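> Show me how the following folds:
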Amino acid sequence: MYQDLREWLDQVDDLGQLQRVKGVDWDLELGALTDLMARKPAHAAALLFDEIKGYPAGYRVASGLLNSRERLALTLGMPTEWPSDMAFVQALRPRVAQLALTPPRVVTSGPILENEQVGDAVDLSQFPVPRWHQFDGGRYIGTGDLIMTRDPDSGWVNAATYRVMVQDAQHLSLYISPGHQGYLHRERYFALGQPCPVAMSFGCDPLLLIPAGTEVPRGVSEYDYAGGLRGAPIDVIEGSVTGLPFPAHAEIVVEGLLTPNDRRPEGPFGEFTGYYASGSRDEYTMKVERLLYRDDPIITGMLVGRPPHDNCLMYSLIKSAQIWNELERAGVSNVQGVWYHRTAQRFWLVVSIQQRYNGHAKQALGIAAQCANTAYMGRFVIVVDDDIDPSNTDDVLWAMATRCDPERDIDVLRDCWSGPLDPIIPPDRRGSNSNSKALINACRPYTWKDRFPPVAESSPEIYQAVREKFADVLAARSPVRVAR
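All right, here's what the predicted structure looks like:
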């Protein structure tokens, strides 16, 4: 198993999935190239940028880290070859369902301690922080990051991915959507009349980005979850300023305190929804009291924007497995597949079930709409029969078009949890942080499903026999017709 980001990049290189790029401009070029790579229909490579315009060689940015099934499997210590996304989701389910939480191991040394700046010596301007999109309000060092906060009551540590904008050489603004754990921690400190300690890592093991960007059970530290995924504890160092644990093998780490009195304009920033919905507003800003970084540091970037983007595939695969497990724990039987859509992300979830009783589809819809991984900013939840592959958009749209009676089969939940990043919330309701969700039953009506018109297709046996007999025909490329 790899030890840190650098060993991970070497193994990705061995897979033939690392593209090294020299001479890119940090201003827009780096983000545009990352964006174009993410839009490739297959074989999107991870990118490692060096000799970035205006910065010395060795000060690097890595992006597109988990934007392939093979790289995600490598990160999780799984085989890298899988026949389909759904096969990978099936194999991942027991990994996350039977996870043995493994607390981090506190150590006193590590590569992150190679360089240190404190107080007025802190200089964030030395790093090639990208301006990712043309309308971004600044340079964002925190996209594929790890933000550590501690609950002041229970003491458990949250380590999540939130966006961080550089204000100047010593100040960073942190944006957290309402309702997320870091937001709640910060508000509790302020309610107690205390500053909120924060540690931030801007380059880390990609494994840590998995729990940091998905919903782990409340009260469980992402370090414990990542240790369970790895099967070994994550080495952490406790910060001298905040006492918060940060990865011993991180690339760049900062520590400081958020206070209610220091707020500065943050944003706009092109978000995972594909829009600049949250605009610009004053956000809490931290003076960096301590900066640590490795020799030749690497910023881990995770470009979001109009999908498909950097984290789409990773979230689809991980969240599909997590939601499937959540449904079964909640008592939904005979789930055949779950797909958290790669492009629509939080806004489109499909669940396939083998109907066993009247109301089965409605039960699956209600629970799928409000479980831990779907409650925030959902929009459409669709349940389909077991002959529909939930990851096949053609299959799903066909089921919706032919098996859903809009009058009877579409329900709407109102005043659900959302946030400022949701583009559909009107300007005059921006502070409400709520939206609605459509629950779409695209299953055959249970009470007469056996009399529903049969599907016009051959049997699986016939298809398999023909595939074997005419493999050469199916493998041949269609001729290209040249216009005259």
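
> and the next element down the chain from whichever helix in the chain runs longest?
For the chain, the helix reaching the highest residue count under DSSP state H is reported as helix 312-329. The helix or strand immediately downstream of helix 312-329 is strand 335-340, counting by DSSP states H and E.

> Could you tell me which strands sit next to that following strand in the sheet, and their orientation?
Using DSSP bridges, the strands paired with strand 335-340 are strand 348-353 (antiparallel).

> before we move on, back to that, can you list contacts of the longest helix of the chain?
38, 66-69, 72, 85, 88-89, 92-93, 95-97, 209-210, 213-215, 335, 337-343, 345, 349, 351, 364, 367-368, 371-374, 391 (CB atoms under 8 Å, 6 or more residues apart in numbering). For glycine as for every other residue, the C-beta is placed from the backbone atoms N, C-alpha and C.

> That one - what's its average pLDDT?
Mean pLDDT, computed over helix 312-329, is 92.

> Next, the buried residues of that helix.
312-327 (16 or more other CB atoms under 10 Å).

> chain center to that helix: distance?
How far helix 312-329 lies from its chain's middle: 11 Å, per CA atoms, centre = their mean, to the nearest Å.

> got it, and stretch 240-253?
22 Å.

> rewinding a little: inside helices: which ones of the contacts of helix 312-329?
38, 69, 72, 85, 88-89, 92-93, 95-97, 209-210, 213, 364, 367-368.

> Buried members of these into ChimeraX, please.
Of the ones in helices among the contacts of helix 312-329, the buried ones go into a single ChimeraX selection, burial set by 16+ other CB under 10 Å:
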select :38,69,72,85,88,89,92,93,96,209,210,213,364,367,368
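
> From residue 223, how far out is residue 235?
10 Å (CB to CB, to the nearest Å).

> Compare these two (neighbour count), which wins?
A count of neighbours by other CB atoms under 10 Å puts residue 223 above the other of residue 235 and residue 223, at 28 against 21.

> isn't that one right up against residue 104?
Yes: with contact defined as CB atoms under 8 Å, residue 223 counts as touching residue 104 (4.2 Å).

> Report the set of residues contacting both of these two.
Residues touching both residue 223 and residue 104 (CB under 8 Å, 6+ apart) are 234, 236, 245.

> check contacts around the last one.
Spelled out, it's residue 245. With CB under 8 Å, 6+ apart, residue 245 has these contacts: 104, 106, 148, 157, 199, 223, 236-239.

> Just give me the neighbour total for residue 101.
By other CB under 10 Å, the residues close to residue 101 number 14.

> do the same with the one 5 residues further on
By the measure other CB under 10 Å, the count of residues near residue 106 is 12.

> In terms of pLDDT, where does it sit?
Residue-level pLDDT assigned to residue 106 equals 98.

> Quick one: classify residue 253 as helix, strand or coil.
strand (DSSP: H, G, I helix; E, B strand; the rest coil).

> Quick one: low-confidence residue ranges for this structure.
41-42, 478-484 (pLDDT under 70).

> Sort out which residues of the helix or strand where residue 411 lies are buried, please.
In this structure, residue 411 sits in strand 410-417 according to DSSP H and E. Buried residues in strand 410-417, counted by 16+ other CB under 10 Å: 413, 416-417.

> now do stretch 151-166
151, 157-166.

> all helices of this protein, in order?
5-14, 29-38, 69-76, 85-97, 181-191, 206-213, 222-230, 312-329, 360-370, 393-403, 406-409, 460-469, 471-475.

> Now distance to residue 56 too, for these, in TSV please.
As requested, the helices of the chain are exported to TSV (distance: least, CB to CB, whole Å):
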stretch	distance to residue 56
helix 5-14	18
helix 29-38	16
helix 69-76	28
helix 85-97	40
helix 181-191	33
helix 206-213	25
helix 222-230	32
helix 312-329	31
helix 360-370	50
helix 393-403	46
helix 406-409	61
helix 460-469	56
helix 471-475	50
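
> closest one to residue 252 among those helices?
Closest to residue 252 of these is helix 5-14 (CB to CB; 10.8 Å).

> now the angle from the longest helix of the chain to helix 29-38?
When axes from the mean of the first three to the mean of the last three CA atoms, to 10 degrees is applied, the directions of helix 312-329 and helix 29-38 differ by 60 degrees.

> overlap in contacts of residue 235 and residue 223?
By CB under 8 Å, 6+ apart, the residues touching both residue 235 and residue 223 are residue 104.

> which residues does the closest residue to residue 243 other than its chain neighbours form a beta bridge with?
Using CB to CB, 6 or more residues apart in numbering and skipping residues adjacent in sequence, the residue nearest residue 243 is residue 197, 6.8 Å away. Under DSSP bridges, the beta-bridge partners of residue 197 are residue 257.

> closest to residue 447 among the buried residues of strand 410-417?
Proximity of the buried residues of strand 410-417 to residue 447 (CB to CB) peaks at residue 413, which lies at 24.1 Å.

> How about the contacts made by the nearest residue in space to residue 430 that is not next to it in sequence?
Leaving aside its sequence neighbours, residue 430 sits nearest to residue 420 (CB to CB, 6+ apart; 6.4 Å). Contacts for residue 420 (CB under 8 Å, 6+ apart) come out as 177-178, 277-279, 430, 433.

> Dump the residues you listed into JSON lines; add distance to residue 385 as well.
Below are the contacts of residue 420 laid out as JSON lines (distance: CB to CB, whole Å):
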{"residue": "177", "distance to residue 385": "35"}
{"residue": "178", "distance to residue 385": "37"}
{"residue": "277", "distance to residue 385": "35"}
{"residue": "278", "distance to residue 385": "38"}
{"residue": "279", "distance to residue 385": "42"}
{"residue": "430", "distance to residue 385": "39"}
{"residue": "433", "distance to residue 385": "35"}
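
> Which one (most neighbours) among the residues you listed?
Among the contacts of residue 420, residue 278 has the most neighbours (other CB under 10 Å), with 22 neighbours.

> I'd assumed residue 272 was in contact with that one.
No: if you go by CB under 8 Å, residue 278 and residue 272 don't touch, sitting 11.2 Å apart.

> Please enumerate the shared neighbours of these two.
Joint contacts of residue 278 and residue 272 (CB under 8 Å, 6+ apart) are residue 421.

> sorry, back to before: any idea which of the shared contacts of residue 223 and residue 104 is closest to residue 11?
Distances from residue 11 to the shared contacts of residue 223 and residue 104, taken by CB to CB, are shortest for residue 234, at 18.1 Å.
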